[in-house]
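Engineer: let me see the structure of the following:
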Amino acid sequence: MPAEQELAEAQARLAAAEAAAAGEEAPTPEPSEPTEPAEPPATVARVKPAEAEFAAAQAGITDETRLVQAAEQFNAAAVALEVSWLALFADAGCLTGAQAEQAADAVRA
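Structural biologist: I've put the predicted structure just below:
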């Protein structure tokens, strides 16, 4: 949430609290203007290519692909996709402190 919007909401809450304390009717807040969406963080931008790489790795494995080569390609793409999603969840604040620590340990392992 942009700082300007947070400030406007805090000021509206303050005005409502002051009005309530004075026994007056709270002022009607003015509608906020829509804001431009923020540029997605690098972690968002990384998920899409990782998904494409995973799909390409899957498509590149045929009946003629040697098992060792297929496992290497598939596992590398799967790990890259998993790490990109973990980073996205962490950046979005979806992980608790303990979960973030576990995710970091998993990535290191």
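
Engineer: residues contacting Ala17?
Structural biologist: Taking C-beta atoms under 8 Å, 6 or more residues apart in numbering, we find Ala17 in contact with no residue. C-beta here means a position set from N, CA and C on the backbone, and glycine is covered the same way.

Engineer: find me the pLDDT at it, would you?
Structural biologist: With respect to pLDDT, Ala17 has a value of 74.

Engineer: what does the one 3 residues further on give?
Structural biologist: Confidence per residue is given as pLDDT, and for Ala20 that number is 72.

Engineer: tell me how many other residues crowd it.
Structural biologist: By other C-beta atoms under 10 Å, 11 other residues sit near Ala20.

Engineer: do the same with Ala87
Structural biologist: 19.

Engineer: buried residues of stretch 75-86, list them for me.
Structural biologist: Buried positions in stretch 75-86, judged by neighbour count with 16 or more other C-beta atoms under 10 Å: 77, 80-81, 83-86.

Engineer: closest to Ala104 among these?
Structural biologist: Relative to Ala104, the closest of the buried residues of stretch 75-86 is Leu86; by C-beta to C-beta it sits at 8.6 Å.

Engineer: next helix or strand past the helix or strand containing that closest one?
Structural biologist: Element membership of Leu86, judged by DSSP states H and E, is helix 67-91. Counting by DSSP H and E, the element after helix 67-91 in chain order, helix or strand, is helix 97-108.

Engineer: now that following helix: buried residues?
Structural biologist: Applying 16+ other C-beta under 10 Å to helix 97-108 flags Ala103 as buried.

Engineer: ok so, going back, and the helix holding Leu86, what does it pack onto?
Structural biologist: helix 42-59, helix 97-108 (3 or more C-beta pairs under 8 Å, 6 or more residues apart in numbering; DSSP states H and E).
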